[in-house]
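Enquirer: With the sequence up front, the predicted model follows.
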Amino acid sequence: MSTTRQQPPGDLGPERDGAGPAFTVSAEGRSRTLSLLSASGIVPLARDFTRQALYDWAWLPAESADRRAAAEDVLLVVSELVTNACLHAEGPEELRVSYGQKVLRLEVADRGAGQPAPRSPHRAGRPGGHGMFIVERLCLDWGVVRTPGSPGKMVWAELAAPA
């Protein structure tokens, strides 16, 4: 089953309160930031925002099964990181998506003090607790950045860019 819904370029998903989602694009277009504060439908909003970036960066529509799988992996990791922030970290504040020639980086800032980690031991047949295990399996690397004296953290993950 595909997690990459076919949507026309330019469709950032449902609008909130009559206005589009608050986001910024870097000058060179290789980085985008979406504010998730006070948003509803945060996980689909983050996924649609990331999907639009993948269209704009020519990852979608995918030319091959490998490229389609790479895009689906990105969308799945975004869903997992944002969901974890919703469930375990007092909600996400911001999503940043950026890419270079070989790596796409996802960053989710949240207000939580906890430390994300794959559940150990991982129990594949049981519901829940798979988010960070999925992130760990799909990503080249991931981690947490904290700013001393500031609440919250930024959880980041890097995936290989499609060949």
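Expert: Sure, I can see it. Residues are numbered from 1 along each chain as shown.
Enquirer: For Val74, grab the count of nearby residues.
Expert: For Val74, the count of nearby residues is 29 (other Cβ atoms under 10 Å). Where C-beta positions appear, they are placed from N, C-alpha and C, glycine not excepted.
Enquirer: Helix or strand: which one has it?
Expert: Using DSSP states H and E, Val74 maps to helix 65-88.
Enquirer: got the buried residues for that helix?
Expert: 67-68, 70-86 (16 or more other Cβ atoms under 10 Å).
Enquirer: pLDDT on the following helix or strand past that helix, on average?
Expert: Downstream of helix 65-88, the next assigned helix or strand under DSSP H and E is strand 92-99. For strand 92-99, mean pLDDT is 95.
Enquirer: The helix or strand following strand 92-99 versus helix 65-88: what angle between them?
Expert: Heading C-terminal from strand 92-99, the first helix or strand you meet, by DSSP H and E, is strand 103-110. Here the directions of strand 103-110 and helix 65-88 differ by 10 degrees (axes from the mean of the first three to the mean of the last three Cα atoms, to 10 degrees).
Enquirer: Sheet partners, orientation included, of strand 103-110?
Expert: Strand partners for strand 103-110, identified by DSSP bridges, are recorded as strand 92-99 (antiparallel), strand 153-160 (antiparallel).
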